[in-house]
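Colleague: Sequence plus predicted model, see below.
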Amino acid sequence: MTRPLIAVTGRRAAQVPILRFSATVAAEAICEAVWAVGGEPVILHPPAADPIAELPARLEGFDGVLLPGGADLDPCRYGAQPAAETTGTVAFQDDFDIGITKALLDSGIPVLAICRGMQVLNVALGGTLHQHLPEVMHHNSIHPVDVQDSSRLHGILGADRIEVSSYHHQGIDRLGRDLTVTATSADGVIEAVEHRCADIVAVQWHPEDRHAESHTDAALFADLVDRARKRKANR
């Protein structure tokens, strides 16, 4: 059977500050994770000129979409002034990510959002972000998160608590409309959300990080590919 096509939104490596992970490596790890569970990953390029042009048309033919991590989102997108710690923002990347997220809401295409992807989802739906969380940063760390037992995420992971790998200094503040919190860390950081209507699951951590590789990490990618496969079969 032909593998379902999974669009992975592209990133420019120069956008990611040197103290964080390499965007190129992250994209490679994500693509490997999608391939390992039966998907066909395809990088969707974010053009600097007219990044949101033809987005609905570009999504046609894809069976699923993965919104990966990346640099900070410009605070102007949620009505805030930038803090000193907010760095690496790129206007056309924000335009592209927010535009594609909004296009996905009514598309019926299954989505998995990771780290920045979850933050973009929240902002696209009218939410805001904490720009810097030094006391709860989890930078390059393994830590536990608690999963809501009534959530889709719980059904995917099959666990009340899991160990995750995080690389972030920003997180959700005010929750966007139609989003439900599905996991939190002990310090109160929102670690996962899902959309009440659209087929979207989002996590703050990096399931593609092989340093924390486990059945729960693979389960998120397997779930995306399974949802994509069902969409492909029904089209």
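Modeller: Yes, it's here. Numbering: from 1, shown residues only.
Colleague: Whatever helix or strand Ile156 lives in: which residues count as buried?
Modeller: Here Ile156, judged by DSSP states H and E, is contained in helix 152-157. Neighbour counts using 16 or more other CB atoms under 10 Å place 152-154, 156-157 of helix 152-157 among the buried residues. All C-beta atoms are positioned from the backbone trio N, CA, C, and that covers glycine.
Colleague: Output it in CSV with nothing but the alpha carbons.
Modeller: Only the C-alpha atoms of helix 152-157 are listed here, as CSV (Å, rounded to 0.1, in the frame of the first residue of the first chain):
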residue,chain,number,x,y,z
ARG,A,152,-7.2,11.9,22.8
LEU,A,153,-3.6,12.1,23.8
HIS,A,154,-4.2,9.7,26.6
GLY,A,155,-5.7,7.2,24.1
ILE,A,156,-2.6,7.6,21.9
LEU,A,157,0.0,7.3,24.6
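Colleague: contacts for that helix?
Modeller: Helix 152-157 is contacted by residues 147-148, 160, 182-183, 192, 194, 201, 203, 216, 219-220, 223 when judged by CB atoms under 8 Å, 6 or more residues apart in numbering.
Colleague: can you check stretch 222-232 too?
Modeller: In contact with stretch 222-232 (CB under 8 Å, 6+ apart) are residues 2, 4-6, 34, 37-39, 63-64, 66, 108-112, 156, 199, 201.
Colleague: coming back round to it: now the helix holding Ile156: how far from the chain's centre is it?
Modeller: Put simply, helix 152-157 sits 16 Å off its chain's centre (CA atoms, centre = their mean, to the nearest Å).
Colleague: Beyond that helix, next helix or strand please.
Modeller: Next along from helix 152-157, by DSSP H and E: strand 161-166.
Colleague: Now do that next one: which elements does it pack against?
Modeller: strand 141-147 (3 or more CB pairs under 8 Å, 6 or more residues apart in numbering; DSSP states H and E).
Colleague: Sort out which of the contacts of helix 152-157 are buried, if you could.
Modeller: Buried members of the contacts of helix 152-157, scored by 16+ other CB under 10 Å, are 147-148, 182-183, 192, 194, 201, 203, 216, 219-220, 223.
Colleague: circling back to that earlier point, need the mean per-residue confidence for the helix holding Ile156.
Modeller: Helix 152-157 shows a mean pLDDT of 96.
Colleague: Now do the contacts for the nearest residue to Val145 once chain neighbours are set aside.
Modeller: The shortest distance from Val145 to any non-neighbouring residue, by CB to CB, 6 or more residues apart in numbering, is to Glu191 (4.3 Å). Shown in contact with Glu191 (CB under 8 Å, 6+ apart): 145, 164, 183-185, 203-205.
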